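Peer 1: Build me a model from this:
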Amino acid sequence: MRPLSNEHISYLQNLRHDLHRQPEISGQEEQTAARIVRELVLAGADQIWENLGGHGVAAAFQGASAGPTVLIRCELDGLPIAEDSTLPYRSQIGGTGHLCGHDGHMCMVMGVALAKRPASGRVILLFQPAEETGFGAQAVIDDPRWPEIRPDYAFAYHNVPGRPMGEIGLRDGPANCASRGMQILLHGKSSHAAAPEDGLSPATAMAQLMQRLPALGSGTISDVDFGLSTLTHARLGEATFGIAPGEGELRVTLRSMTDARMMHLINEAQKLIETVAGPLKVDVQWHDVFTTVMNDPQATDIARKAAHTDGMPVFEMDHPMRWSEDFGRFGQDGAQATMLFLGSGENQPQLHNPDYDFPDELLPIGTVLFLTIIDQILSADAG
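Peer 2: Modelled structure (predicted):
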């Protein structure tokens, strides 16, 4: 593979700005996907799969001889957050913004499409839907066409504000924490506020759960038994003075380094709810389920060698990211998979901040490293 020309870099910057103007949230990425398909056709993809697991898009670039399949994955979706920016390419969609950098991730993957074909094997470029909700990767894998695509290797990036520009973060084993949203609905019986004894209020149970659920966490992010339970929302009855409440809701995010620790957290939380709820009816629902991203050591070593080949600074991470990613599903599906982290600047606003913007300086850096990873796998296979 070869580095990108100035013309290609300019194309990627312009494409990112176009995508940034028109963000779409998880599950609604129809126009973003259509734009990506048009660009992949122009890039000469051998085969394109549309509507994978929703609005997902995949494209194949075939080498001259047989070899492994290498998947390079990015995300299509933006966030339901209003952008606070004076950028000329700021979001034109009210209440929605590309404030996690998925516009940049897409363009780095599109940069791979602009390069020459692999020497052998096959490159699959996957533009995945619904990463922000944890739904998209599994939906793609569950698509009946997935067996045509299934890779031997899979790689993805996420940019990391607060780290030096262009630094490559690598880690064997857990790279992103598991997490899931726990919605707890408590059902009792409302009553007149003058006679609360005639009803069944969830107030006492809620008060105990609000204190005790966060205490389920343990350890630090460097410990394999790291667990975190974060109360994110509480609602009790209606906003009135005349009614003793009969309904309550709590939302908690559970987070852990490993999937095994997550199952332990879930069991602890459910036992606590059963203990506290008493005669209340309880309904627990799960949302935004992310498993641990577990980096394959061999794939990580390939990425490490590629970074050294390109002369890029490597940061060997001593703990995973606290935030979650659904890329781990591809490793669970059998690929040798690794998530890499790209430093996006020490003074860069954080992910999901209203003033965040993916730095264009990362586009050639990320693209070239992807190309070197592909070259190391598929050129080596050809030789």
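Peer 1: Now do the contacts for the closest residue to His352 other than its chain neighbours.
Peer 2: Once flanking residues are discounted, His352 sits nearest to Leu99: 5.6 Å by C-beta to C-beta, 6 or more residues apart in numbering. For the C-beta atoms, the positions are set from N, CA and C on the backbone; glycine is no exception. Under the criterion of C-beta atoms under 8 Å, 6 or more residues apart in numbering, the contact list for Leu99 reads 78-79, 81, 83, 351-354, 356.
Peer 1: wait, what's in contact with the residue nearest the centre of the chain?
Peer 2: Nearest residue to the geometric centre of the chain (C-alpha atoms, centre = their mean): Glu325, 3.3 Å. Glu325 sits next to 131, 156, 158, 175-176, 290, 293, 339 when contact means C-beta under 8 Å, 6+ apart.
Peer 1: Please identify which of those residues is nearest to Ala303.
Peer 2: Nearest to Ala303, judged by C-beta to C-beta, of the contacts of Glu325 is Met339 at 9.5 Å.
Peer 1: so which strand or helix has the closest one?
Peer 2: According to DSSP states H and E, Met339 maps onto strand 336-343.
Peer 1: what lines up beside that strand in the sheet?
Peer 2: Here strand 336-343 is paired, per DSSP bridges, with strand 153-160 (parallel), strand 168-170 (antiparallel).
Peer 1: any idea of the mean pLDDT for that strand?
Peer 2: Strand 336-343 comes out with an average pLDDT of 98.
Peer 1: which strands and helices sit next to the helix or strand just after that strand?
Peer 2: Sequence-wise, the next helix or strand downstream of strand 336-343 (DSSP H and E) is helix 362-382. For helix 362-382, the packing partners by 3 or more C-beta pairs under 8 Å, 6 or more residues apart in numbering; DSSP states H and E come out as helix 6-21, strand 69-75, helix 102-113, strand 153-160, helix 297-309, strand 336-343.
Peer 1: Please tell me how far Arg35 sits from Met106.
Peer 2: 9 Å (C-beta to C-beta, to the nearest Å).
Peer 1: Identify the contacts common to those two.
Peer 2: In contact with both Arg35 and Met106: Leu19, using C-beta under 8 Å, 6+ apart.
Peer 1: So what angle separates the directions of the lowest-mean-pLDDT helix or strand in the chain and strand 336-343?
Peer 2: Each helix and strand of the chain was given a mean pLDDT (mean pLDDT, DSSP states H and E); the minimum falls on helix 362-382 at a mean of 90. Here helix 362-382 runs at an angle of 150 degrees relative to strand 336-343 (axes from the mean of the first three to the mean of the last three C-alpha atoms, to 10 degrees).
Peer 1: residues of helix 362-382 that come out buried?
Peer 2: With burial defined by 16 or more other C-beta atoms under 10 Å, the residues of helix 362-382 counted as buried are 362-379, 381.
Peer 1: closest to Met263 out of the helices and strands packed on helix 362-382?
Peer 2: Closest among these, once you apply C-beta to C-beta, is strand 336-343, at 21.5 Å.
Peer 1: Show me the contact partners of that closest one.
Peer 2: Contacts of strand 336-343 (C-beta under 8 Å, 6+ apart): 152-160, 162-170, 175-176, 293, 295-296, 298-300, 302-303, 315, 317, 321, 325, 327-328, 330-331, 362, 365-366, 369.
Peer 1: Just the buried residues of those residues.
Peer 2: 152-160, 163, 165-170, 175-176, 293, 295-296, 299-300, 302-303, 315, 317, 321, 325, 327-328, 330-331, 362, 365-366, 369.
Peer 1: Give the next helix or strand downstream of the helix or strand in which Met210 is found.
Peer 2: For Met210, the element it lies in under DSSP H and E is helix 203-212. Moving toward the C-terminus from helix 203-212, the next helix or strand (DSSP H and E) is strand 227-236.
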